[in-house]
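Undergrad: build the 3D model from these lines:
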Amino acid sequence: MSALGATEMEVLKNRRLLAGSLITVFMILSAVLGPLLLKTSAYTININERLMKPSALHWFGTDTLGRDLCARVIHGAGISLAAAFTVGFITGTLGLLLGLAAGLNRFLDKILMRICDGVKAIPPVLLAIAMMSLLGADLWNVIFCLSLAYTPNMARLVRGAALVVREEPYIEAMKALGAGRGRIIFFHIVPNIMSPLVVQLSFVFASSIITEASLSFLGAGAPVPQPSWGSILSEARGVIYQARWMVIFPGIYTGLAVLGFNLLGDGLRDLLNPVKSN
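TA: Down below sits the predicted model:
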């Protein structure tokens with residue numbers, strides 16, 4: 001069997017990877033195509049339809065202002081996923097640069113890792129709340145705070161991988177052949193540390209979604225009237241016994257998104273890790 005065929009078989013046998021991929025694709029399609037397919041707006045207020053139960057007209061029911069809950073949940077998916085992917089991109093880029101600098105330079109290692117240790121000492125949610133109290137409620141501020149909170153873990157992961165790879169015999173061979181430092185870093189070290197980086201990014205996506213929802217629930221996330229899942233759940237607190245659907249549907253979407261990325265990360269870790277656990 002060819003290497004390509006063997007890889008395809010491993011992917012098909014990896015149930016967590018397949019399940020995570022399906023859930024993630026579903027969430028992305030919902031966020032991208034949902035607003036185009038829905039005929040109702042996520043912002044239109046209709047007091048006469050306040051707290052209506054799920055029906056053919058309003059699939060997920062309506063909220064306290066008569067807004068279509070399905071439209072708001074779908075738009076919330078776009079906000080949460082956009083924030084998660086942006087945080088992942090910033091965290092991955094900064095973590096890669098800082099980790100490489102620390103892993104390949106002993107002087108920078110001492111400085112950068114002490115800074116990362118200081119940031120890591122503060123729980124991400126508390127750090128984000130403190131920063132949001134200074135910056136104000138805004139989605140870009142949320143992205144900045146979450147990127148700041150998750151970058152140290154990514155930098156430490158890259159640093160550890162770089163320390164291992166730089167001691168490999170083929171790196172020493174490249175140095176002996178006269179390869180430049182830049183060529184060694186970008187063509188030999190970086191490609192060999194991308195696997196753990198990609199796996200960790202999937203977990204960053206999941207953590208970003210749940211933290212963004214938590215901040216919005218507390219009123220420190222995306223500003224009103226942006227339909228974040230957390231803000232929808234916050235609005236539902238006062239009518240939880242009258243309109244349970246306001247808790248159920250955004251809660252299901254939030255749980256599915258986090259579950260999808262976590263399963264995707266577990267599946268990628270199993271697929272990319274050459275040492276298989278018994």
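Undergrad: counting neighbours, what do you get for the closest residue to residue 90 other than its chain neighbours?
TA: Sequence neighbours aside, residue 147 is the residue nearest to residue 90 in space, at 4.2 Å (criterion: Cβ to Cβ, 6 or more residues apart in numbering). Glycine gets a C-beta too; all of them are placed from N, C-alpha and C. Using other Cβ atoms under 10 Å, residue 147 has 22 neighbouring residues.
Undergrad: give me the residue at the spatial middle of the chain.
TA: Residue closest to the mean C-alpha point of the chain, counted by Cα atoms, centre = their mean, is residue 205 at 1.1 Å.
Undergrad: what ranges does the stretch 151-278 of the chain have for its helices?
TA: All helices of the stretch 151-278 of the chain, identified by DSSP state H, counting those that start in this stretch, fall at 169-176, 181-184, 190-217, 229-235, 245-272.
Undergrad: now the fourth one: buried residues?
TA: The neighbour-count check on helix 229-235 (16 or more other Cβ atoms under 10 Å) flags 229, 230, 231, 232, 233, 234, 235 as buried.
Undergrad: ditto for the second one
TA: With burial defined by 16+ other Cβ under 10 Å, the residues of helix 181-184 counted as buried are residue 184.
Undergrad: which residues of the protein score low on pLDDT?
TA: 1-12, 273-278 (pLDDT under 70).
Undergrad: repeat that for 50
TA: Per-residue confidence of the chain (counting by pLDDT under 50) places the weak regions at 1-6, 274, 276-278.
Undergrad: in it, which helix is the longest?
TA: In the chain, taking DSSP state H as the definition, the longest helix is helix 69-104.
Undergrad: next, the angle helix 69-104 makes with whichever helix or strand comes after that helix.
TA: Where DSSP states H and E defines the elements, the next helix or strand beyond helix 69-104 is helix 106-120. Inter-element angle recorded for helix 106-120 and helix 69-104: 150 degrees (by axes from the mean of the first three to the mean of the last three Cα atoms, to 10 degrees).
Undergrad: list the helices and strands helix 106-120 packs on?
TA: Applying 3 or more Cβ pairs under 8 Å, 6 or more residues apart in numbering; DSSP states H and E, one finds that helix 106-120 makes contact with helix 69-104, helix 139-165.
Undergrad: save the ones you listed as JSON lines, and put in distance to residue 32 too.
TA: Formatted as JSON lines, those follow (distance: least, Cβ to Cβ, whole Å):
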{"stretch": "helix 69-104", "distance to residue 32": "8"}
{"stretch": "helix 139-165", "distance to residue 32": "18"}
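Undergrad: relative to residue 37, which of those helices is closest?
TA: helix 69-104 (8.8 Å; Cβ to Cβ).
Undergrad: so what does the closest one touch, helix or strand wise?
TA: helix 15-37, helix 106-120, helix 139-165, helix 190-217, helix 229-235, helix 245-272.
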